[in-house]
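> Let me see the structure of the following:
(one chain, ligands or ions: 2)
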Amino acid sequence: MTSDRVVDLLRKAYGDEMETVMNYQTNAIVLDGVRAEEIKESLQQDIQEELGHAQQLGNRLKQLDARPPSSAEFVARQDSLQPPEDSTDVLSVIEGVLEAEEGAIDTYRALIDAAEEADDPVTEDLAVTILADEEAHRTEFRGFEKEYRNE
Ligand SMILES: [Fe+2]
Ligand SMILES: [Fe+2]
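Numbers count the residues shown, from 1 in each chain. Ligands and ions are numbered 1, 2, ... in the order given. Okay, here's the model as predicted:
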């Protein structure tokens with residue numbers, strides 16, 4: 001039906017999405033200042049999308065007779081997305097988001113390859129769709145990065 005590698009990557013992607021939701025949410029709350037407003041709004045929007053990704057991944061796991069991970073198995077990885085000590089340090093959050101999106105892009109690319117190899121076009125299609133969302137997030141935050149570096 002599919003490969004263990006596909007299931008492992010689906011579970012990893014699910015955990016990453018949930019960690020991203022947690023850290024985007026926290027940063028959207030913690031950041032201060034007029035300059036942060038745009039970033040906070042964008043993070044709030046992305047939280048909904050990342051949560052949607054996790055839902056889709058979890059449903060796919062169920063269709064494959066597997067389960068998404070829960071908190072007991074969870075290992076935190078997003079060091080660069082911990083909220084900055086200085087709550088007006090918007091750039092550090094932007095850099096953390098970019099790192100998270102790059103990580104997600106790598107995972108979905110690996111999932112696309114593994115699903116293709118396992119002859120699992122449904123998972124492959126899902127990974128392609130989510131990959132497009134992550135690339136759009138990256139583009140948006142690359143734009144913010146340019147803006148903040150030029151100030
Ligand atoms: Fe996502
Ligand atoms: Fe994303």
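
> The residue in the chain that ligand 1 sits nearest to: which element?
In the chain, the residue that lies nearest ligand 1 is residue 53 (3.7 Å; Cβ to the ion). C-beta coordinates here come from the backbone N, C-alpha and C atoms, glycine included. For residue 53, the element it lies in under DSSP states H and E is helix 37-63.

> What mean pLDDT does the helix or strand just after that helix get?
Once the chain leaves helix 37-63, the next helix or strand it forms, by DSSP H and E, is helix 90-117. Helix 90-117 shows an average pLDDT of 98 in the prediction.

> so what does the helix or strand that helix 90-117 is followed by touch, helix or strand wise?
The first helix or strand that comes after helix 90-117 along the chain, using DSSP H and E, is helix 121-149. Helix 121-149 sits against helix 4-30, helix 37-63, helix 90-117, with contacts defined as 3 or more Cβ pairs under 8 Å, 6 or more residues apart in numbering; DSSP states H and E.

> just checking, what packs against the longest one?
Think helix 90-117. Counting by 3+ Cβ pairs under 8 Å, 6+ apart, helix 90-117 packs on helix 4-30, helix 37-63, helix 121-149.

> hang on, the earlier thing: for residue 150, which of the helices and strands packed on helix 121-149 is the nearest?
helix 90-117 (11.2 Å; Cβ to Cβ).

> Next, the angle from the closest one to helix 121-149.
Note on geometry: by axes from the mean of the first three to the mean of the last three Cα atoms, to 10 degrees, helix 90-117 and helix 121-149 are set 160 degrees apart in direction.

> relative orientation of helix 90-117 and helix 37-63 in degrees?
Going by the same axes, to 10 degrees, helix 90-117 makes 20 degrees with helix 37-63.
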